[in-house]
Structure formats: structure tokens, C-alpha cells
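S.K.: Okay, predicted coordinates and the sequence, questions at the end:
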Amino acid sequence: MADDIVDDDSIQQEIKDLYDSSPEGSPIKHKLRERERKIDYTIPSLLTNENENELYAAARSTGLFRSRARKPAANKSEFRNLLFPTAGPFGGSDVVSLMGQNIPPGGIPIPGMTSGTNLSMAMGNDSDSSDDDFVRTPANPGGAGALHQLPGLTNTHSKADFGGGNFVNNTNIRGAQVSEKKKSSLSDTDPLGVDMNIDFSAVGGLDNYIDQLKEMVALPLLYPELYQNFAITPPRGVLFHGPPGTGKTLMARALAASCSTPSRKITFFMRKGADCLSKWVGEAERQLRLLFEEAKNQQPSIIFFDEIDGLAPVRSAKQEQIHASIVSTLLALMDGMDNRGQVIVIGATNRPDSVDPALRRPGRFDREFYFPLPDLDARKQILQIHTKKWNPPLSPIFIEKIAGLTKGYGGADMRALCTEAASNSIQRKYPQIYKSSEKLLVEPSKVKVVAKDFMRAIEKIVPSSARSTSTGSAPLPERLKPLLEDHLAEISKKLNDLLPGSVGVSRRNKLTNLEEAMYLDPTIHDEDGGFSKHEFLKNLENSRICKPHLLVCGEKGAGQQYLGSAILNLLEGFQVQNLDLSTIYSDVTRTPELCIVQAFTEARRHQPSIIFISNIDTWFEVMPHSAKATLAGLLRNLRSYEKILLLGIAENHYDDLDHEMRTAFGFLNDINKVELHNPPPQLRKNFFFTVRDALLMKPYEFINDLENRPKRKLRSLKPAPLVVSNDASLSKKRLKQQDYEDTKLKNILKLKLAAIMDLFKNRYKRFKKPIIDDVFLHHLFDPTVLENPHIPYEVLYVKGDEPEYSETIKELATGKHFYNMDLDTIEERIWNGYYSEAKQFIKDIRMIVKDAITSGDRERILKANEMLTNAQFGIDDFNNAEFARACKQLREREVQKQEKLLADYHKAKKEFEQRQQEILLNIEVTSPQGVVDCSPKLNDPNGVADIEMNGHSDHISGSGTAPGIGSEPSDVETNAEVGDAPSDLQENPL
């Protein structure tokens, strides 16, 4: 019981204590933060002329140190004092640096020179005229897939041109682009830029196709009323096919460039066959729809599908469903319910038989142009195009000889031949340049292409037609002409009887419609409009041809193969379908019957043509009965007037050939066969004339025998003088373009370095301020602070006086040297565009590391080294070889510009000081105490500012009166001497 009473008393006591300590019983005491600085509420006295100068001087002395906030100067006459230069194309021109000269791109300002005499214009800066601006082509604003623009950057290249990078100063900088999200990341519908330097004059041997393409594209745009008069739609699709390297893609580009005018641009879209394919179901069809939609929005336009057989192959049951869906989509887009407008679709392929047949009909591909290997005249025209700028030009006889030696060469092969011949001529004339790493003095006008250069080029180049299945077309070799030229003449006569008026035999090309329109039409006034005469002439022409077949036979070794190639060379304008054993069995997926049917289909489509069967006797023995029956049936089904020649070569006498073969192929008449015999003695004698001529040659005349040929004595070429790129030698437009490219590159570098600085500012805040505060360095910028006895100032640091430490701050107490670099200065340099190379940024970071090591603070050293490592890894992510090379070239150009600006600065400063001395000689300043010497104040920026504050800031009046310095204006009189002093003063305001 007693314990319970004690517990109750304890509880009561605790409750009482709680009530006694309640805040309600005592007033609340607030602890206020005391102000560090008392506020002075006294009203200052009025400002008078007597103390105006004192207050201004005090105001100037209080602003001793720079503000860390990057505030712009109030006007151009105020400068900021910094240790390091920060000037770049984007700012920093208001800095006066202690460590090195601050060189702004617009020119170095001279302290004391007012804005009235703008030095930047005197230093050669460009004028403000808008006529001098470099015009850049803006990016397509409405096209799908257009890149978003960054400030200061202009997208003038498509993604395909960049190759994953940026082109700056003609350098592909990979990894330097800022990744942007496109409108459609899976579709590529950007049009290609049309090269206006390519037109139809760069295409040789295809004049007929050029005229037909013009009436498809150019004429409907220029003369729509002609087509509206007949209510017709001009052809909108064409299929180019033929061997590789025959000018299909070149023709499409020339079409887009030739039909474009300044007032009417034709948009050109180019897609490879597999560009639209995707692993996603339905994505290829969507890309095709987007492509046609974009082409319709930018009509008139051209869509060029290169290698269209990969996009729209023949549909079959064995093929994947994805290709069938793509082909169906393309068919609907080309000729569906919707009108596609003025959109021309061009397809190109080397295998027209692989393209779906539904595309090869009017309404889709209205026309088909076969691009054969160029004939003799076309090759001469192509050679003239590629050598028209050569000096001296090639003679017509020279060109004709080369054209005769290049049978089977395509347009691309001819261009490669000219390039190789020119390279051979350079190697022959100046072999010294291949053995020297430095540039030598050469004379380009003395380099001439000769026959030897072309012959070596012909030996080196393998034509595109020879890489694939070759038709074997070749002229008769010169050494065999004495033995076989009589047989070839007989064959040529028979061919002229079988196919009168054919190309290559009678050497008369058929006139095109445009060429025939240049002649008068005698049937235009006939009663029936000329139908009867045209039908009569057509029937007469057809009656001259009756199933042309030709068999060349003879015993083995009679020259059948040489004559077969020579016949194909004669029939140069014919399309050749080769049906020898190697061609039929080269593709195991096709049966012989299918191969024969496809060959006949193409031959009937492109007449005149040749069905060529080499070793036809062996062919007939090896082929299965179904294949022989198929060929015989197709030959019988040919109309009598069709220009399809069956050419067979047999190595056997005519009487020894299988009678069934002769009957099946129609080789029954003498007009259809040529039998070869052994050459007579006279022809054999002529054959050995070549050996006789070789025996009569002198040893040194054998050009292939190097042992008997004297060796050339090469003269030594002098090294060419080193040509340094001088901006003054460049045109003004080129300078502006280069400045734009340099600014673009600096913007890229600035964005990359800024990303690194964002990390450093948050993670390494201790390095935002320099290791030595600016308050201890004011005397380095303004030595007059040491002369003021009212300002206590102790010198703790001085600028390094040793040569190796001239760009450092020396601590007097310890003798240590500090660079005093900080992240704020580095950041200002980044945004001002001071850095031209990433290694400049690394150099500044190393300064911070060296200062940390000098300080001896272990934690500071660790953090500085960590920051340096992060900086190096961050730069390695984008500073690849291409980007570093472009930045290095930019740095070299900047150094040259800065050297020129520095020289101009010293020259202008010297002229300015001389002008000041002339002013002092012509002005005499009088005061109650005597003559006042103004030269120190005129040479000192602060003194000039004092003059400006004393009432007249910009000029001295023309009467010769100037305000006083440090006194009222009325106390000083300025007397100008007689002469041109007043005009000089007005031209050179202080």
C-alpha cells in the first residue's frame, strides 16, 4: 500500500513539473540573425561640381575585381580584366588578358580609341552589304525525313550523303553529328539533289531515246495544250534494260537535270531495288506508299528504281509471299484508281526477264528502252565526250581507231579507258613523281596521251560484258585476215540478202521519228490519208525477208569460231540471244526448254535480233528431244518477215551433218549456208608476210624487247614551293563559305564540350573558382592601386618572371607557380568558341591538375586527376580521325588569321599613338598653375575616361576650346594653333 502512495506522489510531481515548463507561462524569445552591415538612412548631400570627380574616382576604385557572372559590358569602351584570353566568334572581345593577347575575330580593340573610329573595319572585316552574303540552300521544309535544325547549323546534305556524319570543309566527320529523330524513322523519302552539270550532252549514242524521254517529261510541262487537245495522258513509265555500264542511270540523271529550269524544278527520287525491303511485315509496302505520296506532293517529279528486279520479281508459287505483296502494291500505285499526277516512274534492270510481266504493259511501264553495247559510231561519240577537254584534243582518226579496238565496251568502260590512258600518260611523262614524297614542279601542258597509253589501258581493262556471259563478238584478228577475209566477205553478202537494210551490214541506220519529220510527207494529201501507200511500202519491205537462217560449216580448224565472232561484230545493232550449251546449263534452276522460250521471247521483243548457237551439230546431239522440238516449233511459228536471224556454227562438212537437224532448222538451201574450205596457196603466202616483216625489223624496233631498248635519262625535277593557303588569294565568296563551315564545325565542338562541362560543374565544384582569388591579383591589371595611400594593399602574388614560368602566377611566400585556371574560364571559352581543337580543352584541364599538384592538397589532386580522366574519355567518344583532322585544319587557319590581326593591331596602334602626339603638338592646355601635360592621360584608358567624364566625352569643339581636367570647364582655355588642327580633332575624337 505504501508503494502505491509513493507512485501516486511521483506522478503528481511529474505532472506539476510539466505544467511549470509549459511555454504558456513564459514569453517566446526569438533569436534574430544580426545584420552584418548596418543600413545608413542618412540623406546624402547634393552632388556638386567640386566633388563630382572625387566620387567618380571612388566609384572606379571600388570596382576593382571582375564579377563571376558573365554580364555584358555597358558599352564598347569598357573591358574586363581576365588572366586568360577567351575571345572567339561568339563573344569574348571585351576581355583584356594578362596571359597572352586576346584576339577577337573582328579585330583587337585599342583601349582609348572611341567607337567613332571603329578598328574592326580598318582590319579588313567584311562589309554589311547583304549582296556579299553567301547564299546557302535551305533544307527541305516539308519533305518527310527532313532533319531538325540546330542554331547555327544548316542541313544541306541528305542522310545518304553524310554517311553517318557531317560534311564540314569537304570532310566527312563521323560521330560529330547531333542525333535527331526523323519524322519517319523507317522510311527514306528524301529527294536527291540533281547535278546540273549532267545533261543530255553527256550521253552519247542514245539520241533516239533522248527524244522519246523529252516527249514524256519536258514536252507535257511546256505544251500541255497539245496533249489536252487530244485528251490523252502522256506516257508516265519507262523501263531501261540492257547490259551493265551502258548508261541507264546516267540517262535518268541527265533527264532530271535537262528538264529542270530555274522556274520549274523537277524533283528526283532514286531508290535501289532492296532499299524498300524491311524485316517488318507491311513496312515495305508502307515505304512505297510514302514514296509515291511524297513524289506526288512535289510533282513534277521522277522516281528512279535502280535494279527493279530485286523489288518486283516475277510472282510464282515458289516465291515468298512478301514479294508478291510488294509487287501488288507497286502495280496499284503505278496504275491504280488514284491518278499519280506528273510523276514519272523509271525502272532499270540488267535482267528484264526477272521483272514481273504485269509491270511491262502500257499504263505502268509504257515504254521499254533497250540499252545495247554502243556501236562504232556511239563509241566515237562517247570518246569525244570524255576527251573534249583534253589539251591537245585527240584527232578524229585517233578516236576512230580507238573506237574500233573497243568492241564490247560499254559507256562506263569507255570512261574508265580514258581515265586509265590519262594516268598512263602521266606515268610515262613524269615517272619521277612516283618516287618522291614531296611535290615536284611539273608542266601539265606537256603531258599528252599517245597510242601507247590507250593500248596499255585496253590490256588492263576488262569490259563489263566480258565479265558476264559473253556473246563472243569480236572483229576478225589482223593476223587471220589473209586466210579468212574472203569467207567473211561471202558471209556478209549472204547476210545482206537475208536481212536487207540491217544495221552493220548495209551501214544505214533507220531514221528516228524526229529525223523523219524533217522531211516532207508526200502522202499527206491523199484521199485515204496515205494509208494505202504506207501499207504497200510496209508489205514490200516485209516481202524482202523470209525466215533468215544461216549456217557456217566446214571441217575442224577452218576458222568457224573466229568467223562466228566476226559475224556478230558485223551485226552490231542486233540483240544477241546465246543458246550454246554453256548458257543453257549454267543455271540449274531453269530447264533447257524454259531457257529456249525466254530467249525467243526477248528476241521477238527486241528486233532485229540473233539466235546464236555455237557448235550446233554437237548441240543437236546432246539436247533432249523436248528441247529440240521446242526450238524447231518456235522457229516454225515465227512470221516470215520477223527480223530474227538463226545463226549456227558447225565444225563438220555440210554433207556429214544430221539430216534431221538440217530439216528442223531450215538449212536446206545454198543461200542459207556457207561452207568453209582450206585457203589456197596465195592466201597462205600472204599469211606469212607478217613473219617476213618481223624478220626485217631492227632489234631496237621491237618495243617489247627491253634488253635492246636504251634506257631513259630522267632529268631531276625541282621541288615545288610550299604553297600556304592564303585567305587573301581566295575569292570573297569562298571566304564566306569557309567561315560558315568553320563556324559550323565550332558549333559541333562547342556542343560536345558543353556536355562534358555540364558534368564537371556539378561534380567538381571546387574547381569553378581559381586556386588564387582575383582579389589578390588586382595590382597585376591596375598598378595604380599600389600608389593610392588610402587603399591598404599587400602584394602576395606576382607574374612569373622566369622564361619557363612567364605564363604563371608566382606566390612570393613559397615561390610556387600557379596557372590559376578554373572551370568558369573554361566554360566561357567554350561558349565563346575559343577552342578549335579538343586538345586545347584538355590542355586547360591539365593546368588545373598541375595547380592541384603544386598546392599539395591530396584530395584536390585526386579530384583533378579524376576530372582529367573523364575529360579524356569524353573526348575520345567523338574525336575520331576525321573530326580531329578537320579541327586541326581549322586551328591552322585560325592561327594564320590571328597573326594577321595581331600585325594589323600593332600597325593601327602605332598610327593611333602618332596621331595623339600630333594632337598634343597642336594643342596647348593652359591652367592657373601653368601648362598641363595631357599625354599620360591620353595614353592611359583611365585618363581618357577621365576626360570623357569631365563634360565632353566624344569631341573637342571646333573652336579650339576643350574642358579642363579635374577643374571646371571655365578654368581652362585651349588655344589651337593656326593650321588643320580643328579638322584633325574632329576626325580623331578623344
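M.R.: Yep, that arrived. As the structure is a prediction and not an experimental result, all values here were calculated from the model.
S.K.: any idea which element the closest residue to Pro482 other than its chain neighbours lies in?
M.R.: Ranked by Cβ to Cβ, 6 or more residues apart in numbering and with sequence neighbours excluded, the top spatial neighbour of Pro482 is Asn686, at 3.8 Å. (Glycine included, C-beta is placed from N, CA and C.) Asn686 belongs to helix 681-687 when assigned by DSSP states H and E.
S.K.: tell me the mean pLDDT for that helix?
M.R.: Taken as a whole, helix 681-687 has a mean pLDDT of 83.
S.K.: and the helix or strand following that helix, what does it pack onto?
M.R.: Next helix or strand after helix 681-687 toward the C-terminus (DSSP H and E): helix 689-695. Counting by 3 or more Cβ pairs under 8 Å, 6 or more residues apart in numbering; DSSP states H and E, no packing neighbours are recorded for helix 689-695 among the helices and strands.
S.K.: Quick one: residues in contact with helix 689-695.
M.R.: With contacts defined as Cβ atoms under 8 Å, 6 or more residues apart in numbering, helix 689-695 is touched by Arg479, Pro482.
S.K.: just checking, next helix/strand downstream of it?
M.R.: Next along the chain from helix 689-695, counting by DSSP H and E, comes helix 732-763.
S.K.: For that next one, name the packing helices and strands.
M.R.: Helix 732-763 sits against strand 165-168, helix 823-832, helix 838-855, helix 858-876, helix 881-922, with contacts defined as 3+ Cβ pairs under 8 Å, 6+ apart.
S.K.: For Lys435, which of these is the nearest?
M.R.: Closest to Lys435 of the helices and strands packed on helix 732-763, according to Cβ to Cβ: helix 881-922, at 26.5 Å.
S.K.: tell me the mean pLDDT for the closest one?
M.R.: Across helix 881-922, pLDDT averages out at 86.
S.K.: What of stretch 603-622?
M.R.: In this model, stretch 603-622 has a mean pLDDT of 84.
S.K.: swap in stretch 365-372?
M.R.: pLDDT averaged over stretch 365-372 gives 83.
S.K.: which residues does Phe200 contact?
M.R.: Residues in contact with Phe200 (Cβ under 8 Å, 6+ apart) are Ile210, Ala254, Leu255, Ser258.
S.K.: pretty sure Asp94 contacts Phe79?
M.R.: Yes: between Asp94 and Phe79 there is a contact under Cβ atoms under 8 Å: 5.5 Å.
S.K.: How many residues are close by the residue nearest to Pro482?
M.R.: 14 (other Cβ atoms under 10 Å).
S.K.: Begin at 148 from now on, thanks
M.R.: Sure, I'll start numbering at 148, so the last one becomes Asn833.
S.K.: Next, find the distance separating it from Ile608.
M.R.: Using Cβ to Cβ, to the nearest Å, Asn833 is found at 32 Å from Ile608.
S.K.: returning to that earlier point: in helices, which of the contacts of Phe347 appear?
M.R.: Per DSSP state H, helices hold the following members of these: Ile357, Ala401, Leu402, Ser405.
S.K.: what would these look like in a markdown table with distance to Arg511, neighbour count and pLDDT?
M.R.: Formatted as a markdown table, the ones in helices among the contacts of Phe347 follow (distance: Cβ to Cβ, whole Å; neighbours: other Cβ atoms under 10 Å; pLDDT from 0 to 100):
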| residue | distance to Arg511 | neighbour count | pLDDT |
| --- | --- | --- | --- |
| Ile357 | 22 | 17 | 82 |
| Ala401 | 23 | 22 | 82 |
| Leu402 | 18 | 29 | 81 |
| Ser405 | 24 | 22 | 77 |
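S.K.: how close does the nearest residue to Arg976 once chain neighbours are set aside sit to Ile973?
M.R.: Nearest residue to Arg976 in three dimensions, chain neighbours excluded: Thr233, at 5.0 Å (Cβ to Cβ, 6+ apart). Per Cβ to Cβ, Thr233 is found 9 Å from Ile973.
S.K.: One more: Glu637?
M.R.: Going from Glu637 to Ile973 by Cβ to Cβ gives 90 Å.
S.K.: Span of stretch 480-493 from start to end?
M.R.: Counting by Cα to Cα, to the nearest Å, you get 14 Å between the two ends of stretch 480-493.
S.K.: Any buried residues in that stretch, and which?
M.R.: Buried residues in stretch 480-493, counted by 16 or more other Cβ atoms under 10 Å: Leu480, Met481, Asp482, Arg487, Gln489, Val490, Ile491, Val492, Ile493.
S.K.: Next, find the distance separating the fifth one from Thr380.
M.R.: Put plainly, it is Gln489. Between Gln489 and Thr380 the distance, using Cβ to Cβ, works out to 10 Å.
S.K.: circling back: from the contacts of Phe347, pick the one nearest Leu424.
M.R.: In terms of Cβ to Cβ, no member of the contacts of Phe347 lies closer to Leu424 than Leu402, at 26.0 Å.
S.K.: residues in contact with the closest one?
M.R.: Shown in contact with Leu402 (Cβ under 8 Å, 6+ apart): Phe347, Leu360, Val364, Ile449, Ile493.
S.K.: what stretches of the stretch 598-747 of the chain score poorly on pLDDT?
M.R.: Along the stretch 598-747 of the chain, the model assigns pLDDT under 70 to residues 612-619, 648-660, 662.
S.K.: got the residue ranges for the helices in it?
M.R.: Using DSSP state H, counting those that start in this stretch, the helices of the stretch 598-747 of the chain run over residues 598-607, 611-614, 628-645, 660-663, 678-690, 707-717, 728-731, 739-752.
S.K.: Show me how far the third one is from its chain's centre.
M.R.: If I follow you right, that is helix 628-645. 54 Å (Cα atoms, centre = their mean, to the nearest Å).
S.K.: In it, which residues are buried?
M.R.: Counting neighbours by 16+ other Cβ under 10 Å, one finds that the buried residues in helix 628-645 are Lys628, Pro629, Leu630, Leu631, His634, Leu635, Ile638, Ser639, Lys641, Leu642, Leu645.
S.K.: can you put those in a markdown table and add distance to Phe1030?
M.R.: Listed next are the buried residues of helix 628-645 as a markdown table, based on distance: Cβ to Cβ, whole Å:
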| residue | distance to Phe1030 |
| --- | --- |
| Lys628 | 62 |
| Pro629 | 67 |
| Leu630 | 67 |
| Leu631 | 64 |
| His634 | 68 |
| Leu635 | 64 |
| Ile638 | 66 |
| Ser639 | 65 |
| Lys641 | 69 |
| Leu642 | 65 |
| Leu645 | 68 |
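S.K.: Report the two of those residues separated the most.
M.R.: Longest distance between any two of those is 26.7 Å, between Pro629 and Leu645; criterion Cβ to Cβ.
S.K.: where's Leu552 relative to Ile608, distance?
M.R.: Remark: distance between Leu552 and Ile608 (Cβ to Cβ) = 11 Å.
S.K.: The two: which has the busier surroundings?
M.R.: Taking other Cβ under 10 Å, Leu552 and Ile608 do not tie; Ile608 has more neighbours (18 against 15).
S.K.: one step back: now distance to Phe678 too, for the helices and strands packed on helix 879-910, in a markdown table please.
M.R.: Shown next, in a markdown table, are the helices and strands packed on helix 879-910 (distance: least, Cβ to Cβ, whole Å):
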| stretch | distance to Phe678 |
| --- | --- |
| strand 312-315 | 62 |
| helix 970-979 | 83 |
| helix 985-1002 | 81 |
| helix 1005-1023 | 81 |
| helix 1028-1069 | 69 |
